[in-house]
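Visitor: with the sequence up front, the predicted model follows.
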Amino acid sequence: MTRVIRQRPRPPDNRTPAITSHAHTNWAFEAAGTYTAVFEVTATKAAGGAVTTGRQGCTCTVQP
């Protein structure tokens with residue numbers, strides 16, 4: 001799965017990968033600046049009940 005994020009049109013808010021999947025994401029930026037991507041991962045434990053990371057930010061600075 002390769003994902004290019006653009007401001008418009010807006011990408012989906014969530015993805016549901018297949019169990020046992022392994023994916024790498026590539027990011028492309030049109031302008032220099034500081035960007036923050038916010039992620040949240042949720043899962044259902046085998047014994048039942050949900051677990052989540054909560055919202056986690058990843059900030060990077062893009063230079064020309």
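Guide: Cool, the structure landed.

Visitor: in what helix or strand does Ala28 lie?
Guide: Per DSSP states H and E: Ala28 is located in neither a helix nor a strand.

Visitor: what strand or helix carries Ile19?
Guide: Judged by DSSP H and E, Ile19 forms part of no helix or strand.

Visitor: count of neighbours near it?
Guide: For Ile19, the number of neighbouring residues by other Cβ atoms under 10 Å comes to 5. The C-beta positions use only the backbone N, C-alpha and C, and glycine is treated the same way.

Visitor: and if you look at the one 5 residues further on?
Guide: Other residues within reach of His24 by the criterion other Cβ under 10 Å amount to 7.

Visitor: contacts for whichever strand or helix holds Gly57, please.
Guide: Assigned by DSSP H and E, Gly57 falls within strand 56-62. In this structure, residues lying in contact with strand 56-62 by Cβ atoms under 8 Å, 6 or more residues apart in numbering are Phe29, Ala31, Ala32, Gly33, Thr34, Tyr35, Thr36, Ala37, Val38, Phe39, Glu40.

Visitor: how much space between the spatially most central residue of the chain and Ala46?
Guide: Central residue check for the chain by Cα atoms, centre = their mean: the C-alpha nearest the mean position is that of Phe39, 5.1 Å away. Note on Phe39: its distance to Ala46, by Cβ to Cβ, to the nearest Å, is 23 Å.

Visitor: cool, and Pro64?
Guide: Distance, Pro64 to Ala46, using Cβ to Cβ: 48 Å.

Visitor: okay, now the residue lying closest to Thr53 once chain neighbours are set aside: neighbour count?
Guide: Counting by Cβ to Cβ, 6 or more residues apart in numbering, Thr53 lies nearest to Val41, which is 4.6 Å off, once chain neighbours are set aside. Val41 has 9 neighbours, counted by other Cβ under 10 Å.

Visitor: what of the one 5 residues further on?
Guide: Residue crowding around Ala46 was assessed by other Cβ under 10 Å; the count is 6.

Visitor: then the one 5 residues further on?
Guide: Around Val51 sit 9 other residues, with neighbours defined as other Cβ under 10 Å.
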